[in-house]
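Chemist: below is the structure, and that's it, no one-letter string:
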């Protein structure tokens, strides 16, 4: 587990396994392993999209300054627009994976 890039353990495993694991499945089964792989793939796509989204506005700004002779206001506008798009792209998985129905907790009288 120490030499792995990511280690997964189950609840109830040895203390060495749970102490060194980055991910611990608390239900004691591997049923959520496919979900974990899907989330990691989505994370990778989000990171790649953010990398492209952070480079493209800078390239457009540099090209605009040299070829179109744009000013500082256009450059700042493109920068802030790129930042806003990047923030939205980063928050999209959070919105996507939220439960649509709220869970109500019933309070019991003692």
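Modeler: That came through, no problem. Keep in mind that what you see is a predicted model, and the values were worked out from it rather than measured.

Chemist: buried ones in stretch 56-67?
Modeler: Under the neighbour-count criterion of 16 or more other Cβ atoms under 10 Å, stretch 56-67 has 57, 60, 61 buried. Bear in mind the C-beta positions are built from the backbone N, C-alpha and C, glycine included.

Chemist: in helices, which of these fall?
Modeler: In helices, defined here by DSSP state H, the members of these are 57, 60, 61.

Chemist: pick the one among these closest to residue 83.
Modeler: Distances from residue 83 to these, taken as Cβ to Cβ, are shortest for residue 57 (8.0 Å).

Chemist: in which helix or strand would I find the residue nearest to the closest one when sequence neighbours are not counted?
Modeler: In space, and not counting its chain neighbours, residue 57 is closest to residue 82: 3.2 Å by Cβ to Cβ, 6 or more residues apart in numbering. Per DSSP states H and E, residue 82 falls inside helix 72-96.

Chemist: let's have the buried residues of stretch 56-67 in CSV, adding pLDDT and distance to residue 17.
Modeler: Converted to CSV, the buried residues of stretch 56-67 look like this (pLDDT from 0 to 100; distance: Cβ to Cβ, whole Å):
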residue, pLDDT, distance to residue 17
57, 85, 45
60, 87, 49
61, 86, 50
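
Chemist: quick one: contacts of stretch 17-29?
Modeler: Stretch 17-29 is contacted from outside by 1, 2, 6, 7, 8, 9, 10, 11, 12, 32, 33, 36, using Cβ atoms under 8 Å, 6 or more residues apart in numbering.

Chemist: tell me the one of these nearest residue 91?
Modeler: For the contacts of stretch 17-29, the residue nearest residue 91 by Cβ to Cβ is residue 36; the value is 21.0 Å.

Chemist: what is the burial count for the closest one?
Modeler: Applying other Cβ atoms under 10 Å, we find 14 other residues in the vicinity of residue 36.

Chemist: dig out what the residue nearest to it when sequence neighbours are not counted forms beta bridges with.
Modeler: What sits nearest to residue 36 in space, not counting adjacent residues and going by Cβ to Cβ, 6+ apart, is residue 23, at 6.8 Å. Under DSSP bridges, the beta-bridge partners of residue 23 are residue 8.
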